[in-house]
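Novice: structural data only, the sequence is not supplied:
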């Protein structure tokens, strides 16, 4: 724990704190949120900040604070799905390529190159055009787009480890590849996978917010930060910037926090490799 | 040892291996290499980088496949194609100790695991029996029992190399291939490990193939020497013969360049010997 | 010329790397600093040029021509590094920029660091390569680092290091990454250059015999301390410290063949 704090530094700990607040807010949204995020009343539109409505209300008269809290849920689960799928499949592909090498490696690398050629958002939009807009579709499509990134990073490190004696020696005993990969290779590339996932989390969050903003992700009246930036546009023009700005800030701060923690973890992964 | 002195434990016949490094470039790592190692003896394979000595070691243990030629151990030919079952069979005859103690052990697991997994692969011992055997092997290589559950980072380079030796011994092999196994160690530690290896050869009835670039190491451990240069064996003989009366100019060059008390590097002589080798 | 006095170096709260290291190098003298990994020999060398790792705490004094080099900053430090003291490191591949030809490396040193005009620097680069025993000067000058062997590259690094006619050469295991025959050649060249230029040298190595071959005096280091300083013969024939004795004994003197003995028999 102390080691972790040292590695993170002051700024890193603040970033961890930010992440904790966002996660707790999302988890306990039903308990904390003073209002239902989807129901408002026309009489309450465009209220300013007050004890009643901490951040005011939007054009539909919904409490912005409550919407931010509930919005954290979809804004976090989306990236979580992306990162989870990406890490699992990226690692699986990378380790398969590295263990078998040769033709298997060349084939998988070509497939990844092919996926790389598609812009992430384009791939996502393609999927949405086929399956219809929803958070699940958007997240699944982005996962596919992210797999090559994760796979490449893991592959390059695993490739170096593959040739080290601690992997070669059990291989020479005729111990099955799957056992060696699970016992030796995976644990030693794991820090890198975690780091990659943390950094990807931020990227996925931005891109999912962008999709929601375009109306291709989370659907109204659900609360979502990207959606809030979009629906707040009208209010922005009417001189009520709170909704868009606060939702935008939430995205930026959360993404920055994940990015920073990821980078700090990356330093630790590098140090672990040396030791 | 005297009675078995001339039974070959490893024979290598006409081994050839070419690496393709580019579209039209290739390197002959091994060019028709033939040698044999007597049971219970230690053969040192000496050469500089690019001599093919490491490729030879890798082919013998099964990490590499030769283009042509044959390897046999205890009179039985070893299949060139190294699938898992073949590797397992071969591992009971031949084990390897690698150069770098740092990367020799999984840095995230207790060092015992390295030995334990070899025991698991080659025997039907129970968990408790394997632990007891681990302790035996650790004692054999001069490590105390308390190191069993230590992480590699808690051990010195010499201690890690002792664990690597224990791992090699765990399969009860007849032959151990030592690939520059003391090169990464400090000289005082080198001496200790070489001493340990010499003891083990006696007590466990082992045969060594020792890959090295270092003639003073050769002198400390080997009975026989082959000198390799660019994939070919240029000289072979007993250690005493080769080190005191080298015939090939390349062997002479290696000897002339080996630092020792009273030695001075002499450029003129190095150049003269280089020319002799070229001609 | 170089005086190290009671040099101590600690990293963090409790990692002591050097303990009261005192050592003097006279003008033109070669001193070997011999020890095993972790003995602090490299760190001593790095302290002289102020390139110890970040976060190290250094006490004691290092003077060069009676100037406190630990106190030097900015321009004065740069001038010392450029003109008076050169360093050769273990891995030449890490020293040369892989995307520039060798010629640029040499010219850069002379032009940018010492202020020589590019034209004279170019001519001088060729001369320097000849001085370090390279025959195909033009070919080597045009080559990129990856096209040259480690031994050839290390010669290029030596050429760069002697370009400014430094008075002190700091050599940090310059031949450890090389094959034995290349090592002997590079050491011979380094030794010749040193004598030609009357350069002093502080030679860090783990190989006592190698140090003895090119050094006037040898300091043996262990665990951050110098345990013994003496002439090479003294250390060999009459080592005082048990550690020096252990070092001597771990390399039995059995390799006796020399080309001369061949010629006489």
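Specialist: Nice, thanks for sending it over. Bear in mind the structure is a predicted one, so any value in this text is a computation, not a measurement. Residues are numbered from 1 along each chain as shown, chains lettered A, B, ... in the order given.
Novice: once you drop chain neighbours, what's closest to residue B:274?
Specialist: residue B:253 (6.9 Å; CB to CB, 6 or more residues apart in numbering or on different chains). Yep, even glycine has a C-beta here, placed from its N, CA and C like the rest.
Novice: again with residue C:8
Specialist: Leaving aside its sequence neighbours, residue C:8 sits nearest to residue C:59 (CB to CB, 6+ apart; 4.8 Å).
Novice: the one you found against residue C:6, yeah?
Specialist: Yes. Using CB atoms under 8 Å, residue C:59 is in contact with residue C:6, at 7.4 Å.
Novice: residue 189 in helix, strand or coil?
Specialist: Using chain A. helix (DSSP: H, G, I helix; E, B strand; the rest coil).
Novice: give me the distance between the two termini of stretch C:80-100.
Specialist: Distance between the boundary residues of stretch C:80-100 (CA to CA, to the nearest Å) amounts to 26 Å.
Novice: what residues sit buried inside it?
Specialist: For stretch C:80-100, the neighbour count (16 or more other CB atoms under 10 Å in any protein chain shown) marks C:80-82, C:84-90, C:92, C:95-96 as buried.
Novice: now stretch A:86-93
Specialist: Quick answer for stretch A:86-93 (16+ other CB under 10 Å): A:86-87, A:89-91, A:93.
Novice: now flag whichever of those is closest to residue B:168.
Specialist: Closest approach between the buried residues of stretch A:86-93 and residue B:168, by CB to CB: residue A:91, at 31.2 Å.
Novice: roughly how far apart are residue A:218 and chain B?
Specialist: Going from residue A:218 to chain B by CB to the nearest CB, to the nearest Å gives 40 Å.
Novice: mind listing what that residue touches?
Specialist: A:74, A:78, A:134-135, A:212, A:224, A:226-227 (CB atoms under 8 Å, 6 or more residues apart in numbering or on different chains).
Novice: circling back to that earlier point, among the buried residues of stretch C:80-100, which are located in helices?
Specialist: Taking DSSP state H, the ones among the buried residues of stretch C:80-100 that sit in helices are C:92, C:95.
Novice: and residue 255, what element?
Specialist: Chain wasn't specified; assuming chain A. Element membership for residue A:255 (DSSP states H and E) is helix A:242-274.
Novice: correction: the question concerned chain B.
Specialist: helix B:249-257.
Novice: in that helix, what counts as buried?
Specialist: Judged by neighbour count using 16+ other CB under 10 Å, the buried positions of helix B:249-257 are B:249-257.
Novice: ok, then the element right after the helix or strand of chain B with the lowest mean pLDDT?
Specialist: Lowest mean confidence among the helices and strands of chain B (mean pLDDT, DSSP states H and E): strand B:76-77, at a mean of 84. Next helix or strand after strand B:76-77 toward the C-terminus (DSSP H and E): helix B:84-93.
Novice: okay, now the sheet partners of the helix or strand just after that following helix, with direction.
Specialist: Proceeding N to C from helix B:84-93, the next assigned helix or strand is strand B:94-97, under DSSP H and E. Here strand B:94-97 is paired, per DSSP bridges, with strand B:175-179 (parallel).
Novice: what does the average pLDDT come to for the strand it pairs with?
Specialist: Average pLDDT, strand B:175-179: 96.
Novice: mind checking how far it is from the chain centre?
Specialist: Its chain's average C-alpha position is 3 Å from that of strand B:175-179, according to CA atoms, centre = their mean, to the nearest Å.
Novice: coming back round to it: now the helix or strand just after the helix holding residue B:255: mean pLDDT?
Specialist: Later in the chain than helix B:249-257, the nearest helix or strand by DSSP H and E is helix B:267-278. Mean per-residue pLDDT for helix B:267-278: 88.
Novice: kindly report the same for stretch C:113-121.
Specialist: Mean predicted lDDT for stretch C:113-121 stands at 80.
Novice: could you pull out the buried residues of that stretch?
Specialist: C:113, C:116, C:121.
Novice: the nearest residue to the last one once chain neighbours are set aside: what secondary structure?
Specialist: Taking CB to CB, 6+ apart, and ignoring the residues beside it in sequence, residue C:121 has residue C:110 as its nearest neighbour in space, at 4.0 Å. Following three-state DSSP, the label given to residue C:110 is helix.
Novice: also residue B:30?
Specialist: Here residue B:30 is strand, with the state taken from three-state DSSP.
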